[in-house]
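Chemist: Structure for this input, please:
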Amino acid sequence: MPAWTIISPRERDYGHPMRMKIFWIMKTVYRMLDPPNEPSAITEAGHIATLGYAAVLQENPEPPILSSVVIHFRLSTESVTRFALLFHDMQIEDKVHDIRIPVPGELAPDMMDIYDFVIARSQKLLISSRDSDYWAECDLARRVSKQLHVQKYCERLLRQEGDGTVDIAGLRPDISRCPICESNLIHCNSCQVASCESHDCRGFSDPPFARCVRHKMEVLCFPCLQGQGSKRELEKCPGCNSWCCARDISSCTGRPLSSIPYMPCVFSSMFIIPRLITAYTESTRTHPPKRGSCMDCKLPGWRSCRNKLCWSHSICPECTSGGLTCMCGEVWACDLCAEHDPSVFIRCPRCRRLFCYSCCYIDDCLMCGSSDLCHDCAEEVSDTDDKELEEMPAKLVASCGSCEVKMCDHCESYLAVSCAVCSSRLCIPCERDAECSCDRVLCNGCVADHGCGLCSQRHRSDDNDGS
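Modeler: The predicted structure follows:
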């Protein structure tokens, strides 16, 4: 008996077009006969449902006759089949208690759709049990179901014509377009049910499909959407009221509650960031993930931290309290990133105000991260004020001969290196890029004229890439 596993923990089984209908039947059967174990969502791991049939082959070109169609159900906690749905007998068999009951009328429409699919699928030749062919089988099932639903779409239009509501004289069998308005047909990505794309057409689905406003190929009918439970692939943006892919909806993961350990300032933030991410990840949160809006909308009170490695890409109003803004008013960061990540803000040692790295009001040393006084404090401070400062300002004495970033006197003396030709000082990142194949260190201004042939070629290549 040919059979397909429709529901299973394996991701490869997620794409079968009968998956959602069979889950609703499974849910109904357990609600009737085993209520405590009724599955709540199709995303629950471990449940198994297998659809099988037996066919009597006819002489060509007659299609085969189905002698039996059966669906077997069992939960992840059950090692053998618990219930079987017998299509020809219209009965549900309890394998444990050895009893049978009639199928309730509410299951008849879904059973008819499944039966029609099995008939259409049984006429195809591709039947393989090898794992390597499963994706081909799943793709075939979707194509079979898609063609089947196009036929049912046309039948629905013919019934409407019989009611006098639709005139489809000259119906053309084009499976990609609506025979009424020539608009494209769209299909639910799960069950493949069809609808006209045009809202003004009689063939437009009621209720309408959920369709991502950015990714037009992402479409779900409402029964399949509701069947996905809390892990829906499409969600409605509360800002613009449009359907969007769930991955495009912002989310606040909740501010970390645990105290973040002190992280002393070091040469580079690359040593701080991994520890900070670990501290964020291991901390408990103020609330579970809270959904925001799509990428084109901004809900009132929601903000994004300047730090790209913040504990949340989007931050809800509940978690934004305590955040800090640069003096220029253009950059905002959450309090945790502003305090613990030196790559977010520069803090003036005297007035303790915060400045972003784009500000022209303050300078800092690239290599050690220490900062000079902001321009306001530099005009006001006297030499005697230095004794009252909690943190001594950096004395920026040089600029890198290649990238022109500032360097403090300590880093310039002990960490920077000199160009072998013009003696301009180079910061450590530029030093790594400036090493010539002849073991000399050359700044960008000297490598073209004084570098070896390989270095000169590299310099010209860098210029071309930047142009």
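Chemist: Quick one: distance of the lengthiest helix in the chain to the chain centre.
Modeler: Across the chain, the helix with the greatest residue count (assigned by DSSP state H) is helix 134-162. Here helix 134-162 is found 30 Å from its chain centre; the criterion is C-alpha atoms, centre = their mean, to the nearest Å.
Chemist: just checking, what packs against it?
Modeler: helix 108-122, strand 185-187, strand 194-196 (3 or more C-beta pairs under 8 Å, 6 or more residues apart in numbering; DSSP states H and E). C-beta: built from backbone N, CA, C; applies to glycine.
Chemist: Okay, angle between the longest one and helix 134-162 too, please.
Modeler: Between helix 108-122 and helix 134-162, the angle comes out at 120 degrees (axes from the mean of the first three to the mean of the last three C-alpha atoms, to 10 degrees).
Chemist: For residue 91, find the nearest of the helices and strands packed on helix 134-162.
Modeler: When the helices and strands packed on helix 134-162 are ranked by proximity to residue 91, the top entry is helix 108-122, at 11.6 Å, counting by C-beta to C-beta.
Chemist: So which bits of that closest one are buried?
Modeler: Residues 110, 111, 113, 114, 117, 118, 119, 120, 121, 122 are the ones in helix 108-122 that count as buried (16 or more other C-beta atoms under 10 Å).
Chemist: pretty sure the third one is touching residue 22, no?
Modeler: In other words, residue 113. No - assessed by C-beta atoms under 8 Å, residue 113 is found out of contact with residue 22, at 10.2 Å.
Chemist: beta partners of the residue lying closest to residue 99 once chain neighbours are set aside?
Modeler: Leaving aside its sequence neighbours, residue 99 sits nearest to residue 93 (C-beta to C-beta, 6 or more residues apart in numbering; 7.6 Å). Beta bridges link residue 93 to residue 84, residue 100, judged by DSSP bridges.
Chemist: for residue 93, what are its contacts?
Modeler: Contact analysis of residue 93 by C-beta atoms under 8 Å, 6 or more residues apart in numbering lists 83, 84, 85, 86, 99, 100.
Chemist: What residues are bridge-paired with the closest residue in space to the first one that isn't next to it in sequence?
Modeler: Yep, that's residue 83 we're talking about. Closest residue to residue 83 apart from its sequence neighbours, by C-beta to C-beta, 6+ apart: residue 73 at 4.6 Å. Counting by DSSP bridges, residue 73 is bridged to residue 49, residue 83.
Chemist: Give me the distance between residue 73 and residue 35.
Modeler: Distance, residue 73 to residue 35, using C-beta to C-beta, to the nearest Å: 15 Å.
Chemist: Show me which of these two is the more surrounded one.
Modeler: residue 73 (25 against 8; other C-beta atoms under 10 Å).
Chemist: if we can go back for a sec, let me have the helices and strands packed on helix 134-162 in a markdown table, adding mean pLDDT and distance to residue 403 as columns.
Modeler: Below are these laid out as a markdown table (pLDDT from 0 to 100; distance: least, C-beta to C-beta, whole Å):
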| stretch | mean pLDDT | distance to residue 403 |
| --- | --- | --- |
| helix 108-122 | 91 | 64 |
| strand 185-187 | 94 | 53 |
| strand 194-196 | 93 | 57 |
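Chemist: circling back: out of the contacts of residue 93, who's the most crowded?
Modeler: Highest neighbour count within those, by other C-beta under 10 Å: residue 85, with 25 neighbours.
Chemist: three-state assignment of the closest residue to that one other than its chain neighbours?
Modeler: Nearest non-adjacent residue to residue 85, counting by C-beta to C-beta, 6+ apart: residue 71, 4.3 Å away. At residue 71 the chain is in strand, as set by DSSP: H, G, I helix; E, B strand; the rest coil.
Chemist: ok, back up a step: and the longest helix of the chain, average pLDDT?
Modeler: Averaging pLDDT along helix 134-162 yields 82.
Chemist: ok, now stretch 402-419?
Modeler: The model assigns stretch 402-419 a mean pLDDT of 81.
Chemist: mind listing what's buried in it?
Modeler: Residues 402, 405, 406, 407, 408, 411, 412, 415, 416, 419 are the ones in stretch 402-419 that count as buried (16+ other C-beta under 10 Å).
Chemist: what do you get for stretch 351-367?
Modeler: Along stretch 351-367, these residues count as buried under the neighbour rule (16+ other C-beta under 10 Å): 353, 354, 355, 356, 359, 361, 362, 363, 364, 365, 366, 367.
Chemist: thinking again about what came up before, any chance of TSV for the helices and strands packed on helix 134-162, columns distance to residue 17?
Modeler: Below are these laid out as TSV (distance: least, C-beta to C-beta, whole Å):
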stretch	distance to residue 17
helix 108-122	7
strand 185-187	9
strand 194-196	12
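Chemist: And the closest residue to residue 91 other than its chain neighbours, how close does it get to residue 342?
Modeler: Nearest non-adjacent residue to residue 91, counting by C-beta to C-beta, 6+ apart: residue 100, 4.6 Å away. Separation of residue 100 from residue 342 (C-beta to C-beta) stands at 72 Å.
Chemist: Identify the residues contacting stretch 313-330?
Modeler: Counting by C-beta under 8 Å, 6+ apart, 250-252, 254-255, 286-287, 290, 292, 300-305, 312, 331-335, 338, 345, 353-356, 358-359, 361, 374 sit against stretch 313-330.
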